[in-house]
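show me the folded form of this:
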Amino acid sequence: MELNDANLQTLTQFLRKTLDPDPTVRRPAEKFLESVEGNQNYPLLLLTLLEKSQDNVIRVCAAVTFKNYIKRNWRIVEDEPNKISDPDRTAIKANIVNLMLSSPEQIQKQLSDAISIIGREDFPQKWPDLLTEMVTRFRSGDFHIINGVLRTAHSLFKRYRHEFKSNELWSEIKLVLDTFALPLTELFKATIELCQTHATDVNALKVLFSSLTLIAKLFYSLNFQDLPEFFEDHMETWMTNFHGLLTLDNKLLQTDLVSNAIQFLASVCERPHYKHLFEDQNTLTSICEKVIVPNMEFRSADEEAFEDNSEEYIRRDLEGSDIDTRRRAACDLVRGLCKFFEGPVTAIFSGYVNSMLAEYAKTPRENWKHKDAAIYLVTSLASKAQTQKHGITQANELVNLTEFFVNHILPDLKSPNVNEFPVLKADAIKYVMIFRSQLPKEQLLQAVPLLITHLQAESTVEHTYAAHALERLFTMRGPNNTTLITAAEMAPCTEQLLNNLFKALAFPGSAENEYIMKAIMRSFSLLQESIVPYIPTLIGQLTHKLLQVSKNPSKPHFNHYLFESLCLSVRITCKANPATVSSFEEALFPVFTEILQNDVQEFLPYVFQVMSLLLEIHSNSIPASYMALFPHLLQPVLWERTGNIPPLVRLLQAYLEKGGETIARSAADKIPGLLGVFQKLIASKANDHQGFYLLNSIIEHMPPESLIQYRKQIFILLFQRLQGSKTTKFIKSFLVFVNLYCVKYGAIALQEIFDSIQPKMFGMVLEKIVIPEVQKVSGPVEKKICAVGITKILTECPAMMDTEYTKLWTPLLQALIGFFELPEDDSIPDDEHFIDIEDTPGYQTAFSQLAFAGKKEHDPIGDAVGNPKILLAQSLHKLSTACPGRVPSMLSTSLNAEALQFLQGYLQAATVQLV
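The predicted structure is shown next:
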């Protein structure tokens with residue numbers, strides 16, 4: 001694509017169409033952009049538009065499209081084409097910082113994100129001048145530019161807070177400090193001075209304090225791994241000014257800076273070598289009274305977010321998003337102080353909690369915020385250790401959680417009006433949720449029906465918390481690793497639970513509420529066959545919801561749980577009655593067809609998984625509706641997207657398992673297409689194992705005569721890959737395939753096909769691959785296939801007994817006995833680092849495995865062979881009867897003593913002997 005006006009005009013038209021609410025206009029435009037994004041200059045056209053377009057909407061749209069393009073394509077994945085040309089990469093890095101800093105804030109944020117994505121891959125090695133270019137802008141004096149630099153630096157450096165220590169990390173941080181620490185300190189001092197100069201100008205202060213907030217975040221990131229020498233030397237500058245900011249009381253300001261400063265105090269007080277700073281009782285009292293209690297209050301900004309921006313409020317409160325709040329910071333400080341001073345701190349706060357609750361009791365309507373702060377304080381005091389899975393796992397023994405629950409939490413949950421005091425109701429629900437591992441089971445069972453009632457609350461936060469609390473309670477494990485709350489205990493309120501969950505999706509703002517959908521999924525999983533009577537209604541509601549969200553998928557988690565719920569409905573119902581699978585197909589296929597026709601990329605991997613699940617339930621035949629779809633599944637465009645590969649392979653495996661004969665009979669012209677898919681997958685280090693899954697199913701389920709003309713070519717392709725790039729994963733898969741082929745077609749057929757490619761090839765494969773590498777094969781089914789295959793080569797292949805291959809007979813037997821008795825060889829050569837499918841960036845390309853669409857492991861040998869060691873003994877006995885004297889003499893001359901001893905054990909167990 002040339003950088004010219006015509007192309008800019010075309011791109012503008014298509015970007016405008018991507019904003020159209022009508023899917024028939026929007027989707028073709030999205031498809032067009034996807035089809036041209038591989039062209040050289042495409043990203044530069046987007047950058048030109050976002051810089052020069054006269055239309056602000058187009059500029060923002062170009063910025064978002066550019067960021068998503070970078071997110072999808074910047075990382076270079078081994079074995080896959082480089083999706084952005086080198087000249088484009090160079091041009092982007094040369095221009096993007098300048099562009100970002102000169103753009104309006106909306107565009108600046110998108111470009112800042114793009115820089116951090118590029119920086120994650122290229123900084124510092126492939127982008128050494130990034131920091132220098134950014135630091136020079138500190139001198140500009142323009143805080144729009146300075147904040148752009150700080151924001152970008154924060155997105156680059158915040159990963160230092162959670163990276164594992166390594167030499168590579170240390171050298172990167174050192175490089176950053178050498179370039180960045182001094183200019184950051186100078187900027188910090190200058191900004192503090194400007195705050196004093198403009199102390200009465202609210203607009204100037206807002207900008208300056210947004211800079212100070214970012215500077216505090218950067219300081220935190222750069223000091224997180226260890227205290228660098230530079231900051232140790234300049235500690236007075238930083239600490240004096242931080243102290244000034246902590247005690248600053250400028251009524252014009254309500255900013256996040258306080259929370260950053262409190263966060264810093266929290267991290268200091270947890271470190272043993274600063275313990276002495278906090279030991280004095282007066283210091284502790286002063287921090288508790290002057291820093292913590294005032295910042296625990298539910299401020300008007302929190303109230304506004306609770307009512308008008310519930311999604312953001314929930315994200316901050318439940319998920320601990322990046323946005324720091326004063327309450328969270330104060331809560332972290334309480335936990336930090338409790339690490340060394342639990343007794344005195346608990347005593348100080350107990351008095352506060354009691355007086356706040358007393359204030360509330362006097363006039364609840366006016367003083368409800370006092371109770372809210374009291375609950376928050378109790379939660380902070382009591383929480384010592386917490387996990388996502390179990391809530392609070394370790395609590396402060398000085399706080400009686402059960403008593404507080406009965407006296408102060410339960411009354412709010414039992415209140416008949418679910419819409420009164422929604423903040424306190426949400427607090428009460430959250431208390432149950434986070435202390436679920438500390439409260440006795442009877443109290444949790446008491447809370448469940450009350451939580452179900454709260455699903456009807458109009459407040460989005462309240463009904464979301466109720467759904468989330470139920471979902472967390474349903475995952476709790478009791479004795480014997482069963483769920484703590486059983487389906488039988490839920491029986492009295494099953495109907496109300498299901499009704500209220502689906503009704504909650506109808507509340508404004510909750511149509512795609514991921515917490516509610518996750519609670520639906522978890523309820524299905526807990527209740528199991530108890531949901532069967534409700535399935536006809538539920539499946540209708542779920543498919544209707546699926547149809548709605550497929551028009552414009554925007555909530556990945558919601559969509560994932562929706563598909564999980566569909567899978568559970570199918571599994572639970574068809575387990576009781578497999579014939580009901582057809583009624584699910586009737587309900588789901590119209591929606592699936594629409595998703596496939598509109599190429600809703602985010603949903604295709606899910607649709608393929610659900611279809612696999614449905615098809616696997618059928619007894620051995622393929623319905624016509626599936627056969628009609630078969631040719632479409634082989635289209636190359638579907639296989640270009642990494643996320644489609646695992647579910648599509650599984651779906652094709654289901655086709656082969658249920659209808660290998662049907663495909664051979666009525667779709668024989670599609671076999672080359674099927675093998676074409678195998679050829680594409682086998683060429684990629686990331687996906688070659690998927691190619692083998694497909695090939696193994698073809699060998700196992702297709703009638704032998706339908707493959708005669710293709711067999712030799714299959715082996716040639718495998719040898720070409722072996723010569724080109726031989727990885728451990730490929731060798732393991734190759735061994736399983738070769739042995740499966742032997743089990744299916746016999747050892748003679750295996751030897752003949754190898755030797756037809758090249759004379760003596762069979763011996764080379766045994767000597768160079770099978771004997772030295774078989775110990776690496778892992779997995780019970782894979783090991784069984786290899787053991788049975790090698791046994792057949794040893795005992796059913798005449799060439800092994802009377803040609804030059806005979807010298808390999810004993811080493812192969814020795815390798816098989818080692819395979820049975822020695823530990824698996826799981827070593828991987830140093831130079832092998834593949835990128836996993838899960839590691840490829842971006843939601844669109846990732847494959848999201850549906851837990852409840854799981855596939856049972858398939859054993860192609862099945863019950864025909866119970867114990868492969870016994871099979872070996874019986875097969876050797878049969879061989880020795882056919883040629884008496886040969887087998888014992890071969891064993892006695894070259895099998896080592898230990899292996900011979902194991903073999904004697906197999907023969908005894910099988911009650912046979914060699915003649």
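
wait, G244 sits on I192?
Yes: assessed by C-beta atoms under 8 Å, G244 is found in contact with I192 at 7.3 Å. Where you see a C-beta, it was placed from the backbone N, CA and C, and this is true even at glycine.

in terms of neighbours, single out the busier of those two.
Just comparing G244 and I192: by other C-beta atoms under 10 Å the higher neighbour count belongs to I192, 18 against 13.

for the residue nearest to the more buried one when sequence neighbours are not counted, pull up the helix or strand it's in.
Distance criterion C-beta to C-beta, 6 or more residues apart in numbering; nearest residue to I192, sequence neighbours excluded, is N241 at 5.1 Å. With secondary structure defined by DSSP states H and E, N241 is part of helix 235-247.

would you put the C-alpha positions of that helix in CSV?
Output of helix 235-247 as CSV, limited to C-alpha atoms (Å, rounded to 0.1, in the frame of the first residue of the first chain):
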residue,chain,number,x,y,z
MET,A,235,16.5,9.8,50.1
GLU,A,236,16.2,13.1,51.9
THR,A,237,14.9,14.9,48.8
TRP,A,238,12.2,12.2,48.2
MET,A,239,11.2,11.6,51.8
THR,A,240,11.0,15.2,52.8
ASN,A,241,8.7,16.0,49.9
PHE,A,242,6.7,12.8,50.3
HIS,A,243,6.2,13.8,54.0
GLY,A,244,5.1,17.3,52.8
LEU,A,245,2.6,15.7,50.5
LEU,A,246,1.2,13.4,53.2
THR,A,247,0.5,16.3,55.5
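
show me what counts as buried in it.
Residues of helix 235-247 classed as buried by neighbour count (16 or more other C-beta atoms under 10 Å): 238, 241-242, 245-246.

longest helix of the chain?
Longest helix in the chain by number of residues (criterion: DSSP state H): helix 326-362.

buried residues in that helix?
Residues 326-338, 340-342, 344-346, 348-349, 352-353, 356-357, 359-360 are the ones in helix 326-362 that count as buried (16+ other C-beta under 10 Å).

please apply the same query to stretch 98-117.
Within stretch 98-117, the residues scored as buried using 16+ other C-beta under 10 Å are 99-101, 103, 107-117.

let's test this: mean pLDDT of that stretch, rounded?
Stretch 98-117 shows a mean pLDDT of 92 in the predicted model.

again with stretch 420-439
Mean predicted confidence for stretch 420-439 is 94.

cool, and stretch 172-187?
Mean predicted confidence for stretch 172-187 is 95.

ditto for stretch 376-386
pLDDT averaged over stretch 376-386 gives 77.

and the contacts of it?
293, 296, 298, 327, 330-331, 334-335, 338, 345-346, 349, 352-353, 356, 392-396, 399, 401, 404, 427, 430-431, 434-435, 438 (C-beta atoms under 8 Å, 6 or more residues apart in numbering).

which residue, other than its chain neighbours, is closest to I731?
That would be E773: by C-beta to C-beta, 6+ apart, it lies 5.1 Å from I731.

so is the one you found in a helix, a strand, or just coil?
Here E773 is recorded as helix under DSSP: H, G, I helix; E, B strand; the rest coil.

list the contacts of it.
731-732, 735.

cool, L648 as well?
By C-beta under 8 Å, 6+ apart, the contact set of L648 is 608, 633, 638-639.

next one: the residue nearest to I192 from H234, what distance?
Remark: distance between N241 and H234 (C-beta to C-beta, to the nearest Å) = 11 Å.

and for G885?
Using C-beta to C-beta, G885 is found at 89 Å from H234.

in helices, which of the buried residues of stretch 98-117 appear?
The helices, defined by DSSP H, take in 99-101, 107-117 from the buried residues of stretch 98-117.

so of those residues, which two are at opposite extremes in space?
Using C-beta to C-beta, those span at most 17.3 Å, a distance reached by L101 and I117.

do a quick rundown of the helices in the stretch 101-250 of the chain.
Remark: helices assigned in the stretch 101-250 of the chain by DSSP state H, counting those that start in this stretch are 105-122, 130-135, 143-157, 167-197, 202-222, 229-233, 235-247.
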